[in-house]
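Student: predicted model, plus sequence, below.
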Amino acid sequence: MKIVNDYETVIGLEIHAQMKTQSKMFCGCPTRFGEEPNTQTCPVCIGMPGVLPVINKLALEFTIKTGVALGCKISPFSRFARKNYFYPDLPKGYQVSQYELPICEGGFVMLNVDDDEGQRRINLTRIHMEEDAGKNIHEGAGSFSYVDLNRAGVPLMEIVSEPDIKTPKEAAAYVRKIRTILRYLDVCDGNMDEGSLRCDANVSLRPQGVKELGVKTEIKNINSFKFIEKALEYEIQRQTRVLNEGGRIIQETRLWNTTTGTTESMRSKEEAHDYRYFPEPDLVPLMVDEGWIAQIRKEIPELPDEKVRRYIEDYKLPAYDADLLAAERHTAAWFEQTVGLGANPKDVSNWMMGEMMRLLNEKGLAIEASPLRPEHLHGLIQLINNGTINLKTAKIVFEDMFNTGKSAEEVVKEKGLVQISDVGELEKTVAAVIAENPNETARYKAGETKLTGFFVGEVMKKTKGKANPKAVNEILKRLLL
C-alpha cells in the first residue's frame, strides 16, 4: 500500500477519450482539430430550438469494441440522459451523456508494477458515451472571453475506474495502458496535446488500515502523463498537510496549474443530484443485438498484453524489449514485418530500440512516417551477418538509410564501406600499428592485455573503421605473442 505519513492514498480516474469518427455524436458536423472557431457547427450541436439529435452508430460501435477489449459486460439495453449544468461552453444548458444505464459495465486493466505483486488488476466501473462541451478562450489577461463551439457535440467515451489505484506513478501507467489499447483498437488517436485524451483524477487519503474512503477531491482535465503524476503528488502532499494540521478536506473540484505546479480550487464538487439527470426525451433507448457484439468481438486485433506474451514465448525476447515494442501498434507492426522477412528478432529489437528510436525522436517522426523501411533493416542485418560490414560501419549505414530511404546495399556501395576481411591486408596494417607503438607493445607483452582495445582502435583508424574486428583481434593475439 502507498502510505504517506500513515495515510493510504486512494485514486480513481475518469478518462475522456475522443472517438475517431468523422462526424459528431448527434449531428453531421466534422470533428477536425484546429479549424477556425465556430466553423464546425450546426443548429443541432449549438442547441437551437426544435432540432433533434441522431445517434452516431460508429461511436456506439467504437464504445462496444472498447468495452469488449477491456472485459466489460455490454448492456443489451442502455439509454442517454440529460446532465444539466450551466456554463458558456455548453450551449444547450445540458450535456447528453449516460447515467444509470451505461453501455458498458465492469471490466479491468492489468498493470505491471514494480513491487513483488508483478501484475495488478485495476477494475473498471463503467464506460459510457457522451458529447463534449465547447471551449472557452480567454485573452488579454482575462479581459476578453470567447466561446468556440467546434468541440461541442464531439463524441467521447468516458472510462471510469474503481478507486483501485495506489500511487501517482501507477495512475500515469494506467492512463498509458488505456491509451495504448485505444490506439490498437483504432477508436481514439490518443493525442493528449490536442485534447483527444484527457483525465479527471479523484484522490483521497485515509488512515492506514481504515476501510472507509476519505473525502475526495477531483482534479479536472489533466492532459499529459507527467502532469497526472505531478498533480497527484502535489494533491497528496496538500491533503496530508491539511490532515496533519487538524484540518478537514473539502470535497471540491480543483485544477492543475502547470505554471505554479499546484492544484487550485475551482468549485465545490457536484453530486449526481446536482446535475438533475433525467432520460433524454429526444433519443430512443439503445437495444444492442448480441449478434452485433459477436461480430465486433471478431474484429478486435491482438492487443498489447497478448503481443508481449507472444514476443517472449515465440521470439525469446526479454520482457523489457517485448513491452517496448508492443507499446504502439505501428511499432509492433514494423517489428513483425522485419522479422517476417527473416531477420533475427533480437537483432531487430536492438536496432529498433537503439538507433531507430533515437533518429525518430531527433526528427520528430512517428515510425510509420520513417523513410527507413523494414526491408532496409533486414538488408542491413544480412550485410552484418555475412561479414560485408562491421557493427561500427552498420551504424553509419543505418543513419544514411534513415535520411535517404536508400537500401543498405546502395549506401555501402556508394560510400565504399565494405569491410576489410582479407587476412594478408589486415596483417600488414596490424604489424604497422605494433611497430608504431613500441611502448604499448612492451606493456602488452608484460601482461597488460587490456591494451588490446587500444591496438584495435588504432587499426580501425588506419582502415577508417572498415576492418573486420574479429579478424583484427585474432591477428593481434598471434603477432603480439
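Tutor: That came in fine, so what should we check first?

Student: for the longest helix along the chain, the distance to its chain's centre please.
Tutor: Ordering each helix of the chain by length in residues (DSSP state H) puts helix 225-244 first. When distances are taken as C-alpha atoms, centre = their mean, to the nearest Å, helix 225-244 is centred 23 Å away from the chain's centroid.

Student: and it, what does it pack onto?
Tutor: Secondary-structure packing of helix 225-244 (3 or more C-beta pairs under 8 Å, 6 or more residues apart in numbering; DSSP states H and E): strand 3-4, strand 7-18, helix 168-185, strand 197-207, strand 217-222, strand 252-257, strand 262-268. Yep, even glycine has a C-beta here, placed from its N, CA and C like the rest.

Student: helices and strands around the last one, which ones?
Tutor: Going back to what we said before, that points to strand 262-268. In terms of contacts (3+ C-beta pairs under 8 Å, 6+ apart), strand 262-268 is packed against strand 217-222, helix 225-244, strand 252-257.

Student: relative to strand 197-207, how tilted is the first one?
Tutor: Okay, so that is strand 217-222. Angle, strand 217-222 to strand 197-207, by axes from the mean of the first three to the mean of the last three C-alpha atoms, to 10 degrees: 160 degrees.

Student: residues in contact with strand 217-222?
Tutor: 198-204, 228, 231-232, 235, 239, 249-256, 263, 266, 269 (C-beta atoms under 8 Å, 6 or more residues apart in numbering).

Student: what lines up beside it in the sheet?
Tutor: When pairing is defined by DSSP bridges, strand 217-222 lines up against strand 197-207 (antiparallel), strand 252-257 (parallel).

Student: average model confidence for that strand?
Tutor: The average pLDDT for strand 217-222 rounds to 93.

Student: tell me the angle of that strand relative to helix 168-185?
Tutor: 40 degrees.

Student: next one: strand 217-222 to chain centre, how far?
Tutor: With C-alpha atoms, centre = their mean, you get 20 Å for strand 217-222.

Student: list the buried ones in it?
Tutor: For strand 217-222, the buried set under the neighbour-count rule, 16 or more other C-beta atoms under 10 Å, comprises 217, 218, 219, 220, 222.

Student: send me that strand as CSV with only the CA atoms.
Tutor: Coordinates of the C-alpha atoms in strand 217-222 are reproduced here as CSV (Å, rounded to 0.1, in the frame of the first residue of the first chain):
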residue,chain,number,x,y,z
THR,A,217,-11.0,16.0,-4.4
GLU,A,218,-11.3,15.9,-8.2
ILE,A,219,-8.5,17.3,-10.4
LYS,A,220,-10.0,18.2,-13.8
ASN,A,221,-8.8,17.9,-17.4
ILE,A,222,-5.2,16.7,-17.0
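
Student: still on that earlier bit, which one of the helices and strands packed on strand 262-268 lies nearest to residue 306?
Tutor: Closest approach to residue 306 among the helices and strands packed on strand 262-268 (C-beta to C-beta): helix 225-244, 23.3 Å.

Student: and the angle for the closest one with strand 217-222?
Tutor: 160 degrees.

Student: residues touching stretch 31-44, excluding its own?
Tutor: Contacts for stretch 31-44 (C-beta under 8 Å, 6+ apart): 18, 21-24, 26-30, 51-53, 137, 146, 148-150, 152-155, 191, 194-196.

Student: any of these buried? List them.
Tutor: 18, 21, 23-24, 26-27, 29, 53, 148-150, 152-155, 195-196.

Student: the closest residue to residue 391 other than its chain neighbours: which element?
Tutor: Spatial nearest neighbour of residue 391, chain neighbours left out: residue 384 (6.5 Å); criterion: C-beta to C-beta, 6 or more residues apart in numbering. Residue 384 is part of helix 374-385 when elements are defined by DSSP states H and E.

Student: list the buried ones in that helix?
Tutor: Of all the residues in helix 374-385, those buried under the rule 16+ other C-beta under 10 Å are 374, 376, 377, 378, 379, 380, 381, 383, 384.
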